[in-house]
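Asker: the following comprises the amino acid sequence and a computationally predicted model.
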Amino acid sequence: MNKDKISIVILAAGKGSRMKSSKAKVLHSISGKPMLYHIIKASRELSNDITVVIAHQKEAVQKQMQSYFDDINFVIQDAENFPGTGGAMKNIAPKNEKVLVLNGDMPLITAKALEGFLHNDADIIMSIFDLQNPDGYGRVIIEKNHVQKIVEQKDATELELQVSTVNAGIYAFSKEVIEKYIPLLKNNNAQKEYYLTDVISMARMDGLKISPLLVDEEHFKGVNSKKDLADAEEIMQNRIKTEWMNAGVIMQLPQTTYIEESVAFEGECIVENGCRITGKSCIINSHIKAGSVIEESIVKNSDVGPMAHLRPASEIEDTHIGNFVEIKKSTLKGVKAGHLSYIGDAEVGEGTNIGAGTITCNYDGIKKYKTIIGKNVFIGSDSQLVAPVIIEDDVMIAAGTTVSSGTVAKGSLAISRTKLRIVQDFYYKFFNKNNTKI
């Protein structure tokens, strides 16, 4: 696709008051990324000239988008003097002959869904869809397959409110239309805003060709509330999981699992029900069992769970992670950790077995310290490794042992149990004294 044919402008300046949030609307997340991220990602497949118009929380929006993309132009809207979608288009200088205008609250847009705007030579192309309940949308008045005008709901007459054809909010203009009509916009309406839709009326009066383009609601769904956000999330999740299942991943009850946009799978993988996989996690030839959570981690040739938790920066390979095991910022290769353990800030070598109830004590309240466990180490149940500590190869740690610091030499047994003491008849003395029965 020739990216020099079209410029894209994304309107992301609004407050989004219906979201009832202190966060800018376009920064609310869908499948692990801000809404605006998804729109820019789709836009970059079509154009090399992308401009994002910002105003509300402009510094936060720009900073976050620049953490993902380094080739985006940002224009700050003078929202006080020129509010509205028309005001947002002032000071836009597109490079290419066609200008596609998108909204920053439509995270479900894809490059494929926008192709209809690219293959039409009309002066203006505008998206429409028909709704059973058009409440909240601008109405589109169409005669003989030509758009006559668009009326915002707040300014519509009773007759116009009966129209079910609504404005989906996406437009493609010729560059000449932008340059001619944006400076002519007025704010003589109920909201005292500059409407981009008024360009349609002016262009129509001048006899320009304005074509409606029927689009599907799923891709052009706007997010204006937390309920809309949840609905969009469900659609995005279905897309993500469908794509990976088509690529060969087995998912059991996929509707119960959450997988973020940045996750990757390779080879033969199984994801059981109720899992959550986030960040730049990569699952390679592995089995993720029910109820497990994997955050920003790499799992290779391994099984995880059920009910296990890999926190960020964990890497496991050829390893068994069982139920209720938590791994954080650790590397395990060829390890068995069957159940009920916490391994944090650690390196664990091949052939090592970590018994139930084992924990690495990596935090002293101020700093975090590292635990290094060598190869073929057997760690008995209910052991504590107080970092910084090194367990060399071929070591046995007896059940119930606390290794408090230093190094346990190769081939050693570490044991720190206290001597067992038995007090005869203590049970009867204790409960008789307190006149209590179990």
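Answerer: That came through fine. Residues are numbered from 1 along each chain as shown.
Asker: so which bits of stretch 159-167 are buried?
Answerer: E160, V163, T165, V166, N167 (16 or more other C-beta atoms under 10 Å). C-betas here are computed from N, CA, C, even on glycine.
Asker: same question for stretch 233-253.
Answerer: E233, I235, M236, Q237, I240, K241, W244, V249, M251.
Asker: who's in contact with the fourth one?
Answerer: Think Q237. Going by C-beta atoms under 8 Å, 6 or more residues apart in numbering, Q237 touches S31, Y258, I259.
Asker: which other helices and strands does the helix or strand where V99 lies contact?
Answerer: If you go by DSSP states H and E, V99 is part of strand 98-103. Applying 3 or more C-beta pairs under 8 Å, 6 or more residues apart in numbering; DSSP states H and E, one finds that strand 98-103 contacts strand 6-11, helix 35-43, strand 165-174, helix 175-181.
Asker: so K33 is in contact with E261, correct?
Answerer: Yes. Counting by C-beta atoms under 8 Å, K33 touches E261, with 5.4 Å between them.
Asker: re earlier: so which of the helices and strands packed on strand 98-103 is nearest F265?
Answerer: For F265, the closest of these is helix 35-43, at 19.2 Å, according to C-beta to C-beta.
Asker: any residues touching that closest one, and which ones?
Answerer: By C-beta under 8 Å, 6+ apart, helix 35-43 touches 8, 10, 12, 25-30, 50, 52, 61, 65, 68-69, 72, 102-111, 114, 223, 232, 236, 261.
Asker: where does the protein have low pLDDT?
Answerer: Within the chain, the segments meeting pLDDT under 70 span 1, 434-438.
Asker: just checking, what's the longest helix in it?
Answerer: Looking across the chain with DSSP state H, the single longest helix is helix 226-246.
Asker: orientation of that helix relative to helix 35-43 in degrees?
Answerer: Here the directions of helix 226-246 and helix 35-43 differ by 40 degrees (axes from the mean of the first three to the mean of the last three C-alpha atoms, to 10 degrees).
Asker: for helix 226-246, the distance to its chain's centre please.
Answerer: Helix 226-246 sits 11 Å away from the centroid of its parent chain (C-alpha atoms, centre = their mean, to the nearest Å).
Asker: and stretch 132-148, by the same measure?
Answerer: Remark: stretch 132-148 is offset 33 Å from the chain centroid, using C-alpha atoms, centre = their mean.
Asker: give the buried residues for that stretch.
Answerer: Neighbour count says stretch 132-148 has P134, Y137, G138, R139, V140, I141, I142, V147 buried, by 16+ other C-beta under 10 Å.
Asker: now tell me what touches it from outside.
Answerer: 124, 126, 128, 131, 149-153, 156, 160-161, 163-167, 197, 200, 204, 209-212, 224.
Asker: distance to V386 for the helices and strands packed on strand 98-103 - can I get that in a markdown table?
Answerer: A markdown table is the format used below for the helices and strands packed on strand 98-103 (distance: least, C-beta to C-beta, whole Å):
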| stretch | distance to V386 |
| --- | --- |
| strand 6-11 | 52 |
| helix 35-43 | 42 |
| strand 165-174 | 59 |
| helix 175-181 | 66 |
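Asker: G406: which of these is closest?
Answerer: helix 35-43 (47.5 Å).
Asker: got the angle for the closest one vs strand 98-103?
Answerer: Interaxial angle of helix 35-43 relative to strand 98-103 (the same axes, to 10 degrees): 160 degrees.
Asker: can you name the next helix or strand after helix 35-43?
Answerer: Downstream of helix 35-43, the first helix or strand assigned by DSSP H and E is strand 50-54.
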